[in-house]
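Student: Structure of the sequence below:
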Amino acid sequence: GSQKAENCREGYQLLINFCDEFQVPYELCGKVIVATDEKEFPQLDLIYERGISNGLNTIRKLNREELVQYEPNVAGIAGIHVPQTGIISYTSVCEELQKQILLLGGEIHFNEKIVKIEHNHGINIVTESSSYSGKLFVNCCGLYSDKIAQLDNQADDLKIIPFRGEYYMLKPEKSSLVRNLIYPVPDPNFPFLGVHFTRMIGGGVEAGPNAVFAFKREGYKKTDFSWDETWDSLSFAGFRKVALKYWKTGLGEFYRSYSKSAFTHALQKLIPSISEDDLIPGGSGVRAQACSIDGSLLDDFKIIKSRNTIHVVNAPSPAATSSLAIGKRIAQESLALLT
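Tutor: So this is what the prediction gives:
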């Protein structure tokens, strides 16, 4: 019943259709969700029930013997197989979207910071180098979506808090340890999934991520730092409540960030034969996580509408899978606002 569930179901099929039409490579390889302790069984059962409720009728529960038929190297004692899961290069998806936008007469401008939103007869967006006028403005600005919404006097009760996720890659000769995707049973007391293994569409296997507070909104490296943006996060009452609630888990995530052995140990929970020498540094990403003033991390999509603006202020995973459905919804709501 969540926006996540509804948009993910529709967006999944829209994305497959898009890739088929424009020949973007993907593979529906399936994944396993792995329980390594009996204490995880209730949460595993809940995931299974939600999957069935969301129309994934072909998912199946696995015992230990069935689990190793899919992933021979896992240490799990039970699991779920999800055949609908696929892999794709989302860079390729975005490149094709860009191509189609331009073919349809759209324009794309990069590296223009928005400094003001003016409401006159329509709406005027002022950037550091130009200005744009129109009837409607849609804000899908990710890490800065809250800042843009607040220029429009919206979303004053939340803040985007950046969390960096760091990855390792398995050495090529160790890629055979993972056939497709291996996920842990998520901890319901923590808002992030935990480390997992993902076979990439272009080859190789990604391992991770952790989830550490980033000291800059676009802080993709450990050394990236912005005093203004760090203070902006730390001074927000909602984030201080989150930090107080999750401080122990947060320290563990930072420890894994700076300790390869600790990161390896977390991966060994799923595949015990993984060693430090099997891992080479990978990339990183920054999650734009909305935090409310009451100290909760928003788990569902959040879209705010006013008379001629639409602000997408929270779009956590599975936003990529859901993206075309979110776009369809925004298009419908845009037409409604314009008529």
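
Student: Averaged pLDDT, the longest helix along the chain. What do you get?
Tutor: As assigned by DSSP state H, the longest helix anywhere in the chain is helix 237-258. Averaging pLDDT along helix 237-258 gives 92.

Student: Spit out the contact partners of residue 68.
Tutor: Going by Cβ atoms under 8 Å, 6 or more residues apart in numbering, residue 68 touches residue 74. For the C-beta atoms, the positions are set from N, CA and C on the backbone; glycine is no exception.

Student: Would you mark the buried spots in the host helix or strand of it?
Tutor: In the assignment (DSSP states H and E), residue 68 maps to helix 64-70. By neighbour count with 16 or more other Cβ atoms under 10 Å, helix 64-70 contains the buried residues 67-68, 70.

Student: repeat for stretch 217-230
Tutor: Using 16+ other Cβ under 10 Å as the test for burial, stretch 217-230 gives 217, 219, 224, 226, 229-230.

Student: So what touches that stretch?
Tutor: 143-144, 160, 162, 164, 214-216, 257-258, 284-286, 288.

Student: With stretch 165-178 instead?
Tutor: With Cβ under 8 Å, 6+ apart as the test, stretch 165-178 has contacts from 71, 73, 197, 199, 203-212, 257, 263, 271, 273-274, 277-287.

Student: Now the buried members of the residues you listed.
Tutor: Looks like the contacts of stretch 165-178 have 71, 73, 197, 199, 204-212, 257, 263, 271, 274, 278-279, 282, 284, 286-287 buried, using 16+ other Cβ under 10 Å.

Student: before we move on, back to that, looking at the contacts of stretch 217-230, which are in helices?
Tutor: Those of the contacts of stretch 217-230 lying in helices (DSSP H): 257-258.

Student: Let's have the contacts of stretch 217-230 in CSV, adding distance to residue 171.
Tutor: Shown next, in CSV, are the contacts of stretch 217-230 (distance: Cβ to Cβ, whole Å):
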residue, distance to residue 171
143, 32
144, 37
160, 35
162, 30
164, 23
214, 27
215, 30
216, 30
257, 21
258, 21
284, 19
285, 21
286, 26
288, 31
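
Student: what's the farthest-apart pair in the contacts of stretch 217-230?
Tutor: 144 and 258 (27.6 Å; Cβ to Cβ).

Student: what's around residue 181, how many residues?
Tutor: By other Cβ atoms under 10 Å, 22 other residues sit near residue 181.

Student: Leaving out chain neighbours, which residue sits closest to it?
Tutor: Once flanking residues are discounted, residue 181 sits nearest to residue 31: 3.4 Å by Cβ to Cβ, 6 or more residues apart in numbering.

Student: pretty sure that neighbour contacts residue 197?
Tutor: No. Counting by Cβ atoms under 8 Å, residue 31 does not reach residue 197; the two are 9.3 Å apart.

Student: Could you verify that residue 225 is part of a helix?
Tutor: No. Counting by DSSP: H, G, I helix; E, B strand; the rest coil, residue 225 falls outside a helix, being coil.

Student: Ramachandran angles for it?
Tutor: Phi and psi for residue 225, reported as degrees, to the nearest 10, are phi -150, psi 140.

Student: quick one, helices of this structure?
Tutor: Ranges of helices in the chain, per DSSP H, are 3-22, 41-53, 64-70, 90-103, 145-151, 227-234, 237-258, 260-268, 319-338.

Student: Can you check which of the ones you listed gets nearest to residue 128?
Tutor: Among the helices of the chain, if distance is taken as Cβ to Cβ, the winner is helix 145-151, at 13.2 Å.
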